[in-house]
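**Student:** pasting the sequence and the predicted model now:
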Amino acid sequence: MAAAGKDVSKRKSAETERSKAEVAAARKDTPNPVWFKPVMFGFMLLGLIWIVVYYITSASAMPLPIPQLGQANIFIGFGLILVGFLMTPWWK
């Protein structure tokens, strides 16, 4: 009985591995959703606009986009750009 139980579990694990491989292969071949590219480029453009707006308004009395953050606005802009660039490896 014990040997039969081991064979069954080995078969199930082999089938599970095969099904995981099939799912991974199917996922690799599927195209991106329609929203993926606009979101990716949107993050990049939003970050660029954030930084440009901060630099243009930094000489004024109230630098935009968020005056309380001061120079940290640059980090937020680069962070948004980074999120967009981190999405590029999954772009198909």
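**Tutor:** Received the coordinates, thanks.

**Student:** per-domain residue ranges of this structure.
**Tutor:** With domains defined by automatic domain parsing, the chain comprises 1-30, 33-92.

**Student:** winner for burial among the ones you listed?
**Tutor:** Compared across those, domain 33-92 shows the largest average neighbour count, a mean of 14 (mean count of other C-beta atoms under 10 Å). (Glycine included, C-beta is placed from N, CA and C.)

**Student:** and the helix or strand containing residue 40, what's its mean pLDDT?
**Tutor:** Element membership for residue 40 (DSSP states H and E) is helix 36-57. Helix 36-57 shows an average pLDDT of 96 in the prediction.

**Student:** other SSEs contacting it?
**Tutor:** Packing partners of helix 36-57 (3 or more C-beta pairs under 8 Å, 6 or more residues apart in numbering; DSSP states H and E): helix 72-87.

**Student:** tell me which residues are up against the helix it packs on.
**Tutor:** Helix 72-87 is contacted by residues 36, 39-44, 46-48, 50-51, 54, 63, 65-66, 69 when judged by C-beta atoms under 8 Å, 6 or more residues apart in numbering.

**Student:** still on that earlier bit, least confident of the domains of the chain, on average?
**Tutor:** Lowest mean pLDDT of these: domain 1-30, a mean of 66.

**Student:** how far is stretch 81-92 from where the chain is centred?
**Tutor:** Remark: stretch 81-92 is offset 6 Å from the chain centroid, using C-alpha atoms, centre = their mean, to the nearest Å.

**Student:** next, the distance between the ends of it.
**Tutor:** The first and last residues of stretch 81-92 sit 19 Å apart, counting by C-alpha to C-alpha, to the nearest Å.

**Student:** now do stretch 83-92
**Tutor:** 17 Å.

**Student:** measure residue 50 to residue 92 for me?
**Tutor:** 28 Å (C-beta to C-beta, to the nearest Å).

**Student:** repeat for residue 54
**Tutor:** Applying C-beta to C-beta, the value for residue 54 to residue 92 is 33 Å.
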